[in-house]
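Undergrad: model this:
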Amino acid sequence: MDAVRKIIEHATNPLTIELPEEYKNQRVEVIVLPLDQAPEEALPKKKYDFSDIVGKLQWKGDAVAEQRKLRDEWD
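TA: Numbering: from 1, shown residues only. Got it, this is the predicted structure:
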């Protein structure tokens, strides 16, 4: 079952919420939060910008051999 999310500008009371037909005769949970104070987990995650560390690692040795060595530890 899909969640229903709506962002609205609320100016008057009461607020009416139209639900899909598939929610008929079911218990539902309604949570109302001000958008500017939404919980942290509801906000989209910001992707880390790696541009400040690109090219900083200086690898010495055979990278493929190191990968094989790590994989062999699991056998």
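Undergrad: Would you map the helices across this protein?
TA: For the chain, the helices defined by DSSP state H occupy 63-72.
Undergrad: Isn't Val4 up against Pro20?
TA: Yes. With contact taken as Cβ atoms under 8 Å, Val4 and Pro20 are classed as touching, separated by 6.7 Å. Just so you know, the C-beta spots here come from the backbone N, C-alpha and C atoms, and that holds for glycine as well.
Undergrad: These two - which one has more neighbours?
TA: A count of neighbours by other Cβ atoms under 10 Å puts Val4 above the other of Val4 and Pro20, at 12 against 9.
Undergrad: List the contacts of the more buried one.
TA: In this structure, Val4 makes contact with Leu19, Pro20, judged by Cβ atoms under 8 Å, 6 or more residues apart in numbering.
Undergrad: measure it to Ala63 for me?
TA: 49 Å (Cβ to Cβ, to the nearest Å).
Undergrad: Then Ile8?
TA: 53 Å.
Undergrad: Model confidence at the most far-flung residue of the chain relative to its centre, what's the number?
TA: In the chain, the greatest distance from the average C-alpha position (Cα atoms, centre = their mean) is reached by Gly61, at 37.5 Å. In this model, Gly61 is scored at 87, pLDDT.
Undergrad: again, but for Leu57
TA: 80.
Undergrad: Report how many residues lie close to Leu57.
TA: By other Cβ under 10 Å, the residues close to Leu57 number 6.
Undergrad: make that Lys45, sorry
TA: Using other Cβ under 10 Å, Lys45 has 7 other residues around it.
Undergrad: what's the distance between it and Pro34?
TA: Applying Cβ to Cβ, the value for Lys45 to Pro34 is 21 Å.
Undergrad: can you check Asp2 too?
TA: Distance check for Asp2 against Pro34: by Cβ to Cβ, it reads 24 Å.
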